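Undergrad: fold the following.
(chains A, B, C, D, E and F)
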There are 4 protein chains.
Amino acid sequence: MFDRYNKVQQAVLETTLELIVDKELQAASMSLIAKNSGVSTGNIYHYFSSKEDIVNELYKAIVLFNGEFVTRDLREGDSIQTRFRLAWKNVIALGKKYPNGFRFIEQYSFSPYIYEQSKLEAYKGGWCGRVAKLYGEAIEQGLFIGMEPRFMVQMHYGSIVYILKGHAQHYMELTEDLEDEAILACWNSVSKEKGWNE
Amino acid sequence: MFDRYNKVQQAVLETTLELIVDKELQAASMSLIAKNSGVSTGNIYHYFSSKEDIVNELYKAIVLFNGEFVTRDLREGDSIQTRFRLAWKNVIALGKKYPNGFRFIEQYSFSPYIYEQSKLEAYKGGWCGRVAKLYGEAIEQGLFIGMEPRFMVQMHYGSIVYILKGHAQHYMELTEDLEDEAILACWNSVSKEKGWNE
Amino acid sequence: MFDRYNKVQQAVLETTLELIVDKELQAASMSLIAKNSGVSTGNIYHYFSSKEDIVNELYKAIVLFNGEFVTRDLREGDSIQTRFRLAWKNVIALGKKYPNGFRFIEQYSFSPYIYEQSKLEAYKGGWCGRVAKLYGEAIEQGLFIGMEPRFMVQMHYGSIVYILKGHAQHYMELTEDLEDEAILACWNSVSKEKGWNE
Amino acid sequence: MFDRYNKVQQAVLETTLELIVDKELQAASMSLIAKNSGVSTGNIYHYFSSKEDIVNELYKAIVLFNGEFVTRDLREGDSIQTRFRLAWKNVIALGKKYPNGFRFIEQYSFSPYIYEQSKLEAYKGGWCGRVAKLYGEAIEQGLFIGMEPRFMVQMHYGSIVYILKGHAQHYMELTEDLEDEAILACWNSVSKEKGWNE
DNA sequence: AATGAATGAGGATTCATTCAT
DNA sequence: GATGAATGAATCCTCATTCAT
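TA: As a prediction, this is how the structure comes out:
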């Protein structure tokens, strides 16, 4: 998840992520990060200028990672539908496989702790823009209703996030069938024709 | 919002909410709560046993308030569709009118800072259960597909929350037309027939 | 020395003065101040906003105290000479009786740690201005040469400070006779006629 | 100023002096010294055993330099008066030309941070002893009153230091005329006859 | 009920110094 | 000789909480 960082930075970022998600931002004290990561406090400050810096770096790294994960196998040649399903499948897979990173982004993407600059950088590397483009194509091809693509993505992302939240909290199990149903529901919510047209 | 509490408690709860939402949980220190609310720290501890207690009380109070706000004008006599639209309209109105309470619940409903007990109490007084019942009726009447009602509510709630987030962050404006479109999209995502049947 | 402060503040100021003079500013850590003064760190911050604040308050308090000490018994009716001798006698007495306060002012009156604001406030309450006035009178009466009063005071003060330093470091003993000789030397350095004219 | 040291040591000493005078001892951290001097921390410790060592070396070097500067052109053949004026002129010139070194000695000559050993070594190489000898001669020749030479030097040095301080702080400008007047005042303060006898 | 002074553990961060390279 | 990564104790300061009034 943090391949482009060196060993020390990786240890710090991983530990911080774990602590923040398990407990809370305030519980992720520098001394605890130091202890759990095996890096001395002094050395942490050799690689990060502050705690805020760690958290912001974490944010950017995860968004970048998520963006690649979600869009990694979307091929231009595939149909809109295929790509639509794949994209959201990937989002769900991401939430299941990397729940910590997923929860972190959820909790802190609106936090004042994350600098606007980080959010901007993250946006460029994130997947939302790329998926919104897909929606644009769907509108052009007459598959989707004429709604702002960014708005639709936001709605669908909300749906997915919330069923993942329910899953994470064990309110509801998320089987593969349910995943497919949820993605179909997203499709139906904005498609002109109901159901997959295969 | 905190009618059932006395003056002192109200001042404390209101101040705490404001501080937490504006800044962050960690920024809402007891001394700041005391200063902004006009209640001395000593007296705060007369009415609340700890900071955690304040936050949990806040949580329960807001969920209760939200529950009443969302379901206040749902009449059994009205059609499923009317109630469906009204309920989600209310959720949006709530998010717009009481953004602080709304954001607070969003941010902390999955936080370890909120006791499980609080979440349970909140669930009973919240609106999710009541709306889920409505979805159950819709399935019975053959309007909705056979999906777990709680699951559908979760999905739709996610959609609404995320467009409200976008609205709050000024990413996208949320006009009344867009609200209606979003609610219709929710309906279409799980309805057997597309569109409002009026 | 710190009569106008409350008990806690007095303890803190006294302890801080002692530590700074005995050791050094950097050695006067907040935890040491807390320990030696018997006031908890938290409570220190109840009365002072920062360590800088303590040091600056210390500075102002001592300058004020010194000003009163040096000029306490100067009567308008007395001759220039009498007042001249008394003033410098007092400065020496101050340096001997309150060596800590004296050394502190010496060491920190030019330090960037002391705010300009503090220096300004201190100047108003200090004794230099009042003594400079005396010098002005001496010039008017034809006793002193036509030198800028402030300049003469600065010179004489330097002389006194340095013999006090020598005394404090045990380089040279400072008997009462020597004190008188030193004061006479100051007088002679700027008087038109040599020696006391009595 | 630090000719007898090698390049690395010079860089470290110069940087340290600058930092200490501009800010304060505590602000002159090893990492800052390393950064500003272009010498790595590790290498600093190759040439100096500790931070204290640097500061003490600095102290000794400057005192030595000052001593040479002040006494460099005092010739045995010249009259007492000529040498007196020259010596103090040199002190003032030193203070003006090398304010950093001057201020450093002022601030730290009484500091516990400087080892007694350093002060002793410095005393031997300093100029005070040599000037005191001059004062001794003046007494022998009946020019000065019978005061301890070391005491007189201390007094006069104090005067000069304080008008230099005033100058450095821009309280008072120090023109050449004023310098001469100040030196004359010093002379008069301990001379048997008033004024230069030329 | 109400105040706010007092506590001291714990917060983020910096520092002189060491050590592997 | 030279580097700068690594250490962890010590820095100032804040915090939730208690207690005397």
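Undergrad: how about the residues of chain A by DNA strand E?
TA: Proximity of chain A to DNA strand E (CB under 7 Å from any atom of the strand) is limited to residues A:28, A:29, A:30, A:31, A:32, A:41, A:42, A:45, A:50, A:51, A:52. All C-beta atoms are positioned from the backbone trio N, CA, C, and that covers glycine.
Undergrad: of those, buried ones?
TA: Buried members of the residues of chain A next to DNA strand E, counted by 16 or more other CB atoms under 10 Å in any protein chain shown: A:28, A:30, A:45, A:51.
Undergrad: quickly find the element holding the nearest residue to the first one once chain neighbours are set aside.
TA: Leaving out its chain neighbours, the residue that sits closest to residue A:28 by CB to CB, 6 or more residues apart in numbering or on different chains is residue A:19, at 3.8 Å. Using DSSP states H and E, residue A:19 sits within helix A:7-22.
Undergrad: report the inter-axis angle for whichever helix or strand comes after that helix versus helix A:7-22.
TA: Heading C-terminal from helix A:7-22, the first helix or strand you meet, by DSSP H and E, is helix A:30-37. Interaxial angle of helix A:30-37 relative to helix A:7-22 (axes from the mean of the first three to the mean of the last three CA atoms, to 10 degrees): 110 degrees.
Undergrad: do the worst-scoring helix or strand of chain A on mean pLDDT and chain B meet?
TA: Using mean pLDDT, DSSP states H and E, the weakest-scoring helix or strand in chain A turns out to be helix A:116-125, at a mean of 82. No. With CB under 8 Å from any CB of the partner chain as the criterion, chain B is not reached by helix A:116-125; the gap is at least 9.4 Å.
Undergrad: which SSE is immediately downstream of that helix?
TA: Helix A:116-125 is succeeded, C-terminally, by helix A:128-140 (DSSP H and E).
Undergrad: now that next one, how far from the chain's geometric center?
TA: In terms of CA atoms, centre = their mean, to the nearest Å, the centre of helix A:128-140 is found 18 Å from the chain centre.
Undergrad: in it, which of the residues would be classed as buried?
TA: A:128, A:131, A:132, A:134, A:135, A:138, A:139.
Undergrad: and the most far-flung residue of chain A relative to its centre, how far from residue A:30?
TA: Each residue of chain A has a distance to the centre, and by CA atoms, centre = their mean the biggest one is for residue A:42: 31.3 Å. With distances taken as CB to CB, to the nearest Å, residue A:42 is found 10 Å from residue A:30.
Undergrad: try residue A:9
TA: 15 Å.
Undergrad: and chain A, which residues reach DNA strand F?
TA: Residues of chain A lying near DNA strand F (CB under 7 Å from any atom of the strand): A:8, A:39, A:40, A:41, A:42, A:43, A:45, A:46, A:47.
Undergrad: nearest to residue A:147, of those?
TA: Comparing those against residue A:147 with CB to CB places residue A:47 closest, at 44.6 Å.
Undergrad: any regions of chain A where pLDDT drops low?
TA: A:197-198 (pLDDT under 70).
Undergrad: taking chain A, what residue is nearest to chain C?
TA: residue A:31 (17.3 Å; CB to the nearest CB).
Undergrad: pretty sure that residue contacts residue A:41?
TA: Yes. Using CB atoms under 8 Å, residue A:31 is in contact with residue A:41, at 6.4 Å.
Undergrad: and the closest residue to residue A:151 other than its chain neighbours, how many residues sit next to it?
TA: Ranked by CB to CB, 6+ apart and with sequence neighbours excluded, the top spatial neighbour of residue A:151 is residue B:172, at 5.8 Å. Around residue B:172 sit 15 other residues, with neighbours defined as other CB atoms under 10 Å in any protein chain shown.
Undergrad: distance of residue B:172 relative to residue B:163?
TA: Distance, residue B:172 to residue B:163, by CB to CB: 7 Å.
Undergrad: same deal with residue A:112?
TA: Residue A:112 sits 21 Å away from residue B:163, going by CB to CB.
Undergrad: any idea how far the residue nearest to residue A:28 lies from residue A:12?
TA: 11 Å.
Undergrad: I appreciate the help and will end here.
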